[in-house]
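**Student:** okay, here's the prediction I keep looking at, along with the sequence it came from:
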Amino acid sequence: MTEFNQPISGNDLARFSGPNTFMRLPQVDSLAGLDVAVLGIPMDIGTSWRSGTRFGPKQIRSESAMIRPYNMATFAAPFDSLQIADIGDLAINTFSLADSLKIIKESYDAILAQGATPAAMGGDHSITLPILRAIAAKHGPVALVHVDAHADVNDEMFGEKETHGTVFRRAYEEGLIVPDKTFQIGIRGSGYAASDFTEAKGWGFRQFPAWELWQQNLTVTGAQIRKEIGEHPVYISYDIDSLDPSIAPGTGTPEIAGLTTPQALQLIHALAGMNVVGCDLVEVSPPYDPTGNTALTAANLLFEMLCILPGVTSR
């Protein structure tokens with residue numbers, strides 16, 4: 001009988017002590033036998049405004065110590081049926097974005113070759129492009145659930161083609177994602193022109209702007225997305241700036257009038273049952289939130305995504 005890794009219980013060791021791993025799971029050096037590999041990608045050299053996301057994985061891990069292994073709302077118990085561990089941080093090149101993106105791609109190739117589903121803590125959103133390159137190499141073009149204040153479909157930023165604001169244009173151009181199974185939820189804010197959003201709609205992307213979701217229950221939205229994606233492999237990329245900055249101020253590019261945490265949970269809960277092949281939680285910048293609430297929220301959202309992975313059982 002398989003013994004699955006469990007987070008250290010707060011009844012066995014006080015939550016303010018113990019390892020600084022995600023949910024105080026074991027940290028492992030080998031991918032062998034893992035169903036899910038939780039990892040950090042401590043990088044902010046792809047961002048265009050406020051830096052600090054290089055500190056995101058460390059604080060997300062710290063704030064995750066309070067999370068218990070059973071989901072009271074959905075009855076999901078991911079650690080009862082999946083072998084999950086923290087594999088640490090990728091050793092990115094602090095001085096080179098291009099080299100770091102290459103390191104991420106190669107690292108994900110190795111993770112996926114072992115059959116593990118990757119769940120990443122960023123890091124700025126530029127990490128998602130090499131992740132999608134690796135994911136698509138294994139699974140083919142994937143469906144995408146992209147929760148974000150920004151569409152991230154710029155052609156270039158300061159002449160650079162690979163940044164946190166160009167990710168999904170590159171992913172579309174490279175055929176990494178299925179356009180009519182790509183959903184962008186929570187986008188909002190000001191822009192340079194209407195085409196900032198509408199161009200991607202022309203590619204087939206489905207968009208749910210924040211102003212259409214205010215005061216709405218996102219269970220229906222999530223169910224609609226789940227139905228349209230069907231059994232197709234899907235990647236979830238969750239930018240913490242999709243939430244209102246009153247809830248998650250610790251991020252690099254905040255936009256007012258965003259989603260709420262109940263809406264975030266409604267959306268994720270409604271996506272249960274999809275063929276999720278990977279996920280990330282990006283753009284947590286601890287220097288802009290000394291309370292730790294942004295990282296706490298991020299840690300909980302990552303746990304919620306673990307709870308909807310294929311193979312998760314319920315109690």
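**Tutor:** Thanks, I have it. Predicted, not measured: the structure shown is a model, and the values here were computed from it.

**Student:** how about the contacts made by the nearest residue to residue 214 once chain neighbours are set aside?
**Tutor:** Nearest residue to residue 214, sequence neighbours excluded (C-beta to C-beta, 6 or more residues apart in numbering): residue 257, at 7.3 Å. All C-beta spots, glycine's among them, are computed from the backbone N, C-alpha and C. By C-beta atoms under 8 Å, 6 or more residues apart in numbering, the contact list for residue 257 reads 188, 210, 211, 214, 244.

**Student:** can you check residue 76 too?
**Tutor:** In this structure, residue 76 makes contact with 70, 272, 307, 308, 312, 313, 314, judged by C-beta under 8 Å, 6+ apart.

**Student:** who does whichever strand or helix holds residue 59 touch, helix- and strand-wise?
**Tutor:** Per DSSP states H and E: residue 59 is located in helix 56-63. Applying 3 or more C-beta pairs under 8 Å, 6 or more residues apart in numbering; DSSP states H and E, one finds that helix 56-63 contacts strand 36-41, strand 117-122, helix 293-306.

**Student:** how about these in CSV, adding mean pLDDT, distance to residue 286 and mean neighbour count?
**Tutor:** Formatted as CSV, these follow (pLDDT from 0 to 100; distance: least, C-beta to C-beta, whole Å; neighbours: other C-beta atoms under 10 Å):
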stretch, mean pLDDT, distance to residue 286, mean neighbour count
strand 36-41, 98, 13, 25
strand 117-122, 98, 12, 26
helix 293-306, 98, 6, 23
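
**Student:** turn those into JSON lines, including distance to residue 14.
**Tutor:** Below are those laid out as JSON lines (distance: least, C-beta to C-beta, whole Å):
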{"stretch": "strand 36-41", "distance to residue 14": "22"}
{"stretch": "strand 117-122", "distance to residue 14": "23"}
{"stretch": "helix 293-306", "distance to residue 14": "18"}
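
**Student:** wait, which of the ones you listed is closest to residue 277?
**Tutor:** Closest approach to residue 277 among these is made by strand 117-122 (6.3 Å; C-beta to C-beta).

**Student:** show me the residue at the heart of this structure, geometrically.
**Tutor:** Central residue of the chain (C-alpha atoms, centre = their mean): residue 280, 2.2 Å from the mean position.

**Student:** surely that one forms part of a strand?
**Tutor:** Yes: for residue 280, which was evaluated using DSSP: H, G, I helix; E, B strand; the rest coil, the result is membership in a strand.

**Student:** identify the residues contacting the residue lying closest to it once chain neighbours are set aside.
**Tutor:** Ranked by C-beta to C-beta, 6+ apart and with sequence neighbours excluded, the top spatial neighbour of residue 280 is residue 120, at 4.1 Å. Counting by C-beta under 8 Å, 6+ apart, residue 120 touches 38, 39, 40, 41, 127, 131, 278, 279, 280, 281, 282.

**Student:** tell me which residues touch the closest residue to the third one other than its chain neighbours, please.
**Tutor:** Going back to what we said before, that points to residue 40. Sequence neighbours aside, residue 57 is the residue nearest to residue 40 in space, at 2.8 Å (criterion: C-beta to C-beta, 6+ apart). Taking C-beta under 8 Å, 6+ apart as the definition of contact, the neighbours of residue 57 are 40, 41, 42, 89, 121, 122, 123.

**Student:** what do you get if the cut-off is 6 Å, keeping everything else the same?
**Tutor:** Residues near residue 57 by C-beta atoms under 6 Å, 6 or more residues apart in numbering: 40, 42, 89, 121.
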